[in-house]
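K.L.:
would you be able to build a 3D model of this:
(2 chains)
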Amino acid sequence: MKNESISISNPDKGKLNSTEKFSVALIAIGLLILVLSSFNVKLNNNVYLPISLSSLLVGMVIFARQKYLNDLPGIKNNGVWFSSLSSRGIIGWTVGIILTSFYVIIYWFPSLLGLGENGNANTGLVALFDPLSLALNGKVASQWFVYGTLYTLCITGLGYKFILKYRHNRYQIIRTIVVIISQFFLAYLIPEIMEGLNSDQAYFAKDVKNMWPLNYYFFDSWHIDNMKNGGTMGMIYLVWGIVLFLFVTPIITYFVGKRWYCSFVCGCGGLAETAGDSFRHLSSKKVSAWKFERYSIHAILVFVFIMTGAVLYNYFTNTSTIFGLDTYTWLRQPYGFLIGAAFSGVIGVGFYPMLGSRVWCRFGCPLAAYMGIFQRFKSKFRITTNGGQCISCGNCSNSCEMGIDVRAYAQKGENIVRASCVGCGICSAVCPRGVLKLENADEENRINSNPISIGNNSIK
Amino acid sequence: MIHQLTKNCNNSKSIVIIGNGVAGITCARNIRKGCNAPITVISAETDHHFSRTALMYIYMGHMRYEDTKPYEDSFWKKSRINLLNRFVTHIDSAKKQISFSNGENLNYEILVLALGSKPNKFGWPGQDLKGVQGLYSYQDLQLIVENTKQVKHAVVVGGGLIGVEMAEMLKSRNISVTFLVREKNFWNIVLPAEEAKIIENHIHEHDVDLRLDTELKEIISDEKGRVKAIVTSKGDVINCEFVGLTVGVSPNIDFVKGSEINTDRGILVDEYFETNIKDIYAIGDCAQFINPINGRRPIEQVWYTGRMHGETLAHAIATCEKTVYNPGHWFNSAKFFDIEYQTYGDVPSKLPENLSSFYWEHARGQICLRIVFEKSSQKFVGLNVFGIRMRHVILDKWLTEGRTIEYVIENLSSANFDPEFFEKHEKEIRNTFNRNQFNITKGI
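P.N.:
Numbering: from 1, shown residues only, chains lettered A, B, ... in the order given. Next comes the predicted model:
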């Protein structure tokens, strides 16, 4: 017999009530302003930027309230595999292509968005954001300011949606509040304002949590020099960046697992958890994907160490080559292009609707790989399996954005100890039988094995 | 690991398992862990093992069929477990041969029957109309998808776990539901009245028209042979285009009846899962113990017991050591819409004379805990819990150690398995217990 999937068109949903229509209209207006300005339609930026951003935010908030507050609290996964957006249907592909194009343009063709090059004034979309950029940091906007603003807006609005969706689960609520605050203040507002207050100094990264090797240019000579020349604050950032990587991260990861970073404060993780939540089930759970993942993520970890090692060698020896090869041409530029831009941005976010929400975190992020090594071998963190209660339903594996086949462990009564687990806690949330618990506990018996399920005393 | 265990009396015997549900598959996998014998698993339901408990999630769109398979398809070849999609029609125990509907035969040396169940039907007029069905198999799932297209109102008959799951499924597709339950309290063979009340309220909250103390009398057909209404025992006529029959399941043993294998409601087995015929065993839902084990029911139709049957028989086959089925403390779990339920040990719905119970319920409802203990010794014998997750290992240990109820209350936090940051209730439970302790010690 052929086991064709039970394919059903979206059963009788899709009718929007008037409030939902209003919220969709608001989002559409917000987007329309962004699109019109991209095509250089003359708008008063001082008026239309606030209209656009607030329409988007208010629209998302109203939509989320309509979607979830009319229902009782509980798991809200009805129809995720039917909806075109979340099951690689035509809408999913369309969104994926738009996102991917956006990333390609922002990385390599920013002038298409209106970035003023060679001292020219901004036009189009980038110019639309000039008023906000001027208010925050005293400079006109760049494409990265546009990106950062929209990114923060998405995490905030869709984070609110996530909180309502999981409002029966305090772990999810607290985690998402931290995600939103980290993005809004640590990654966006504070760095922008600090930039404005220190506009006489050369740029260096001011997001206190965005550490090397996720921030791969941290040890670039220009960046080190800018920090060194940045006064006390610059030196604090330089020392903090090194201490954070070398000491703080391993210590916290030992106590709570890498989730403290990946699922609470990281911007990439933050976007995946909020905007990417609708796509989390699309990650591949195949063993072959796991094999590929172990090669790819550790290869990138090695790559970033070699690249940075070479860059630092050049910095301290005042050279530009290593073993006769030009470091920039052979290491630094390929890393920035292939990993920094193409992988983490274009594929990492653009492919959400095709490959799931954590493609970058799973297959690429060298910081995740680094913390994963601690998590796997020296940490108190694990997902505990509750004795023999698993019914193998598969909701946990289905929801795992990192593609961990959680069920494979749970149905054997084994705890889940995996380098890749980002500790989002959704497997535990969706489990209908109370089988999974993320916890930090004694290292003893962290990795366990129960060949015969608890409750069966037949076999001694 | 397999190669270390090659000295085994059953190593070359061909083992045939009929049924690829959790019992049959657990048995096959565990035999393979200890023994090199050729293993064939036969099913006419699906090519591969899937999780029956997840059928509802396919219907609701949480998962696809392929997501409900606990093992990747390549696993079976790697484990050298041969899968065969055939419908078995006959067992010839003299020739040690089974026959398939396509005319082929297959010889076995050891035969394991893990046939599962089928939904009950109790002879209602109209029970075979179009749009009337139970829910057990993958085919039932395909049928309910077909049967509920265009349906506006449905009736679900039978107040057990599958009934409430079916109500949730139908609601997920915006189909309104009337839910007929024969008993005065929901699932009262298992749940005490207070727990039943919580579930009843929750079912109402989900806009399901729950009708307790009401039975199905008749299903009425339209001119095309499809259900158009039902009549209840109270004489009410309810228009509907779909009827779900969820009044329990019984062993799926039609083709075994009339063979030399002894059957009653299920296939009769002893505590080794042996039938009256040598080298034929029965496990899972279809097995009926001649002498019920450890005071449990003669037919155990639960996921967990199917798994334990499979583990136990596999051990016997793989090691050639007779292995008596010795289940430990009872445990089970379920989810009623949004309320999670776990139970450990014995919690009878009506307490016998020698037992008493302590019951706590959260002010908001939906969260409760019942601890049952022996009046004379204060010994903890079981608990029911809604809305709090508890640690299986710890409760199993406390039951084995024969802890007192005071000990359980005092140490309740160590059994908490809720996610981090969740509201804790142990202190309130302890305070309630201490306030009531006078009554408790008197066994009132």
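
K.L.:
domains for chain A, by residue range?
P.N.:
Here the domain parsing of chain A from automatic domain parsing is A:18-70+A:109-200, A:372-440.

K.L.:
make that chain B, sorry
P.N.:
Taken from automatic domain parsing, chain B resolves into B:3-118+B:250-319, B:121-247, B:331-442.

K.L.:
check the offset of the second one from the chain's centre.
P.N.:
The chain centroid and the centroid of domain B:121-247 are separated by 19 Å, computed with CA atoms, centre = their mean, to the nearest Å.

K.L.:
what's the answer for the last one, then?
P.N.:
The gap between the average C-alpha position of domain B:331-442 and the chain average comes to 22 Å, counting by CA atoms, centre = their mean.

K.L.:
for the longest one, same thing?
P.N.:
Using CA atoms, centre = their mean, we find the averaged C-alpha position of domain B:3-118+B:250-319 to lie 16 Å away from the chain's own average C-alpha position.

K.L.:
for chain A, what spans make up the strands?
P.N.:
With DSSP state E, the ranges of strands along chain A come out as A:321-322, A:325-326, A:381-385, A:436-440.

K.L.:
so after the second one, what's the next helix or strand?
P.N.:
From strand A:325-326 onward toward the C-terminus, using DSSP states H and E, the following helix or strand is helix A:327.

K.L.:
list the contacts of that following helix.
P.N.:
A:307, A:310-311, A:314, A:320-321 (CB atoms under 8 Å, 6 or more residues apart in numbering or on different chains). For every residue, glycine as well, the C-beta is placed using N, CA and C.

K.L.:
hmm, try it at 10 Å
P.N.:
For helix A:327, the external contacting residues (CB atoms under 10 Å, 6 or more residues apart in numbering or on different chains) are A:221, A:307, A:309-311, A:313-315, A:319-321, A:333.

K.L.:
quick one, phi psi at A:C431?
P.N.:
Here is the backbone geometry of A:C431 (degrees, to the nearest 10): phi -60, psi 120.

K.L.:
quick check: it vs chain B, distance?
P.N.:
Taking CB to the nearest CB, to the nearest Å as the measure, A:C431 falls 9 Å from chain B.

K.L.:
dump the residue contacts of the nearest residue to that residue once chain neighbours are set aside.
P.N.:
With CB to CB, 6 or more residues apart in numbering or on different chains as the criterion, A:C431 has its nearest non-adjacent residue at 5.7 Å, and that residue is A:C396. Neighbouring residues of A:C396 by CB under 10 Å, 6+ apart: A:383, A:385, A:390, A:404-411, A:416, A:426-432, A:435-436.

K.L.:
can you count the residues close to B:I110?
P.N.:
Per other CB atoms under 10 Å in any protein chain shown, the neighbour tally for B:I110 reads 20.

K.L.:
cool, and A:S83?
P.N.:
17.

K.L.:
wait, it sits on A:I90?
P.N.:
No. Using CB atoms under 10 Å as the test, A:S83 is too far from A:I90 to be in contact (11.1 Å).

K.L.:
by proximity to chain B, which residue of the stretch 301-450 of chain A wins?
P.N.:
Residue nearest to chain B within the stretch 301-450 of chain A: A:G387 (2.6 Å; CB to the nearest CB).

K.L.:
the nearest residue in space to A:L312 that is not next to it in sequence: what's it in contact with?
P.N.:
Spatial nearest neighbour of A:L312, chain neighbours left out: A:F219 (5.5 Å); criterion: CB to CB, 6+ apart. A:F219 is in contact with A:212-213, A:238, A:241-242, A:304, A:307-309, A:311-312, A:315, counting by CB under 10 Å, 6+ apart.

K.L.:
before we move on, the earlier item: nearest residue to the residue of the stretch 301-450 of chain A closest to chain B in space, please, no chain neighbours.
P.N.:
Counting by CB to CB, 6+ apart, the nearest residue to A:G387 once its immediate chain neighbours are dropped is B:H392, at 2.6 Å.
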